[in-house]
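Participant: just the structure for this:
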Amino acid sequence: SLTYGLSPDIDVNITVPLLRTSLGVTALTRVPDPRLPQFTLPPGNPNAQRSKRSLSDDAVAVGDLLLRTKYMLWRSALVDVAAGLALSLPTGDDEDLQGTGATRVQPALIVSRVFADRVEPLLNLGVDFDTEDVDRSVVRWAVGATWQALEPFSVSLVFLGRQELGRQTEPIAV
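Facilitator: Residues are numbered from 1 along each chain as shown. From the prediction side, this is the model:
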């Protein structure tokens, strides 16, 4: 990830994630199933089988490319407000779980303020628009704070949330 401040009020960022995904599965089978006694085969029957099968795979590759810019809209003694815009390009392989397979546009509103040069409460609200299937778009939010315990170390506690836009739930009749 690389971030560059074009001015005190605007910065740009590029993030190129390198991802490693792996999957391993093992299945044990027994024919016939001993839990079903009505299908029991006589001892020595060649159709009675026990087998163990395993499959695993892994991949290392670049994930989806993220381009981002943030602009400071307003500064005050109480709060700072910024607007962000990100573009996620589907450069990762979605079949290897290293990308989404879709272009996403992500506008956001960022509210924070540093107090006593150590504590920064924050609130972020944004929408993650899936340009190929708007029903898969989501509203995202984050609320929390960062505390700079000792220079250069900090501690963050942030709660993240998301709500799908396109999915409608059916009311339950009582």
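Participant: and the strands in this structure?
Facilitator: Assigned by DSSP state E, the strands in the chain fall at 2-7, 10-15, 18-31, 49-62, 65-75, 80-89, 104-112, 119-130, 138-150, 153-164.
Participant: in TSV: these, plus distance to residue 95, mean neighbour count and mean pLDDT.
Facilitator: Any C-beta I mention is one placed from the backbone N, CA and C, and that applies to glycine too. Below are the strands of the chain laid out as TSV (distance: least, CB to CB, whole Å; neighbours: other CB atoms under 10 Å; pLDDT from 0 to 100):
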stretch	distance to residue 95	mean neighbour count	mean pLDDT
strand 2-7	28	9	95
strand 10-15	22	14	96
strand 18-31	10	11	84
strand 49-62	9	10	85
strand 65-75	17	15	97
strand 80-89	17	17	97
strand 104-112	18	17	96
strand 119-130	18	17	95
strand 138-150	22	14	93
strand 153-164	23	10	92
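Participant: now render those strands as a markdown table, adding distance to residue 39.
Facilitator: Output for the strands of the chain, formatted as a markdown table (distance: least, CB to CB, whole Å):
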| stretch | distance to residue 39 |
| --- | --- |
| strand 2-7 | 63 |
| strand 10-15 | 56 |
| strand 18-31 | 9 |
| strand 49-62 | 13 |
| strand 65-75 | 54 |
| strand 80-89 | 52 |
| strand 104-112 | 51 |
| strand 119-130 | 48 |
| strand 138-150 | 48 |
| strand 153-164 | 44 |
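Participant: now do the contacts for residue 7.
Facilitator: Contacts for residue 7 (CB atoms under 8 Å, 6 or more residues apart in numbering) come out as none.
Participant: please tell me how far it sits from residue 117.
Facilitator: Residue 7 is 22 Å from residue 117, where distance means CB to CB, to the nearest Å.
Participant: picking up where we left off before, for the strands of the chain, which one sits closest to residue 40?
Facilitator: Closest approach to residue 40 among the strands of the chain (CB to CB): strand 18-31, 11.3 Å.
Participant: tell me what that closest one is packed against?
Facilitator: With contacts taken as 3 or more CB pairs under 8 Å, 6 or more residues apart in numbering; DSSP states H and E, strand 18-31 sits against strand 49-62.
Participant: how about the CA coordinates for the strand it packs on, as PDB?
Facilitator: Taking Å, rounded to 0.1, in the frame of the first residue of the first chain, the C-alpha atoms of strand 49-62 are listed here in PDB:
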ATOM      1  CA  GLN A  49     -16.200 -50.500   1.300                       C
ATOM      2  CA  ARG A  50     -14.300 -48.100   3.400                       C
ATOM      3  CA  SER A  51     -12.500 -45.200   1.800                       C
ATOM      4  CA  LYS A  52     -10.700 -42.100   2.700                       C
ATOM      5  CA  ARG A  53     -10.200 -39.300   0.200                       C
ATOM      6  CA  SER A  54      -8.300 -36.100   0.600                       C
ATOM      7  CA  LEU A  55      -7.900 -33.000  -1.600                       C
ATOM      8  CA  SER A  56      -6.000 -29.800  -1.000                       C
ATOM      9  CA  ASP A  57      -4.800 -26.800  -3.000                       C
ATOM     10  CA  ASP A  58      -3.400 -23.400  -2.400                       C
ATOM     11  CA  ALA A  59      -2.600 -20.300  -4.400                       C
ATOM     12  CA  VAL A  60      -0.600 -17.100  -4.000                       C
ATOM     13  CA  ALA A  61      -1.500 -14.200  -6.200                       C
ATOM     14  CA  VAL A  62      -2.400 -10.500  -6.400                       C
END
